[in-house]
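Trainee: after the sequence you'll find the predicted model.
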Amino acid sequence: EFQALGGMDRHELQRISAGLGLVFACLQRSVRPQASYQRSLSLLRRAREMAPEGLTKSGLMLGLGEAMEEVLAAMADIRAAGCDILTLGQYLRPSLKHLPIARYYTPEEFRDLRRAGLRLGFRHVESAPLVRSSYHADEQARSSGALTEKESVGEY
């Protein structure tokens, strides 16, 4: 789950489990049973400690049953762990074998979440229904100061 990308470290919290570790306990087991919210935050903190000048990146897929307050709490936790770049996108059910979508977020809600993320101190926030972790990765890195105009993070 952790790989170096030039000057940027990429880590994804594929799904919000809970800001306080218990609100999403039942959802976490069905969405990513092998994941741990606290372990994911710890990984982000360790990345920051190992490379204080580097950038860390995390992302959340929304629409599996979380409340807006839980999204905002998770964003605050991720930022408190030292994360610089945040991606927020809509969960889209890849097949009937996967979990159904519990809620669609509106474009305005995604814009509000972007503004909230910037207020929390993220250096860059991509927030829209079709955003994925690699969405405009070069632009994210440039706007955060990790790359110059001529550099690229390449394919990953």
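Mentor: Happy to help now that I have it. Residues are numbered from 1 along each chain as shown.
Trainee: after the longest strand anywhere in the chain, next one along is what?
Mentor: Longest strand in the chain, counting residues (DSSP state E): strand 55-62. Sequence order places helix 68-80 as the next helix or strand after strand 55-62, per DSSP states H and E.
Trainee: please identify which helix or strand holds Thr87.
Mentor: Counting by DSSP H and E, the element that carries Thr87 is strand 85-90.
Trainee: okay, now Glu49: neighbour count?
Mentor: Glu49 has 9 neighbours, counted by other C-beta atoms under 10 Å. Using the backbone N, CA and C atoms, a C-beta is placed for each residue, glycine as well.
Trainee: re earlier: quick one: the longest strand of the chain to strand 85-90, angle?
Mentor: Angle between the axes of strand 55-62 and strand 85-90 is 10 degrees (criterion: axes from the mean of the first three to the mean of the last three C-alpha atoms, to 10 degrees).
Trainee: tell me the angle strand 55-62 makes with helix 68-80.
Mentor: 170 degrees.
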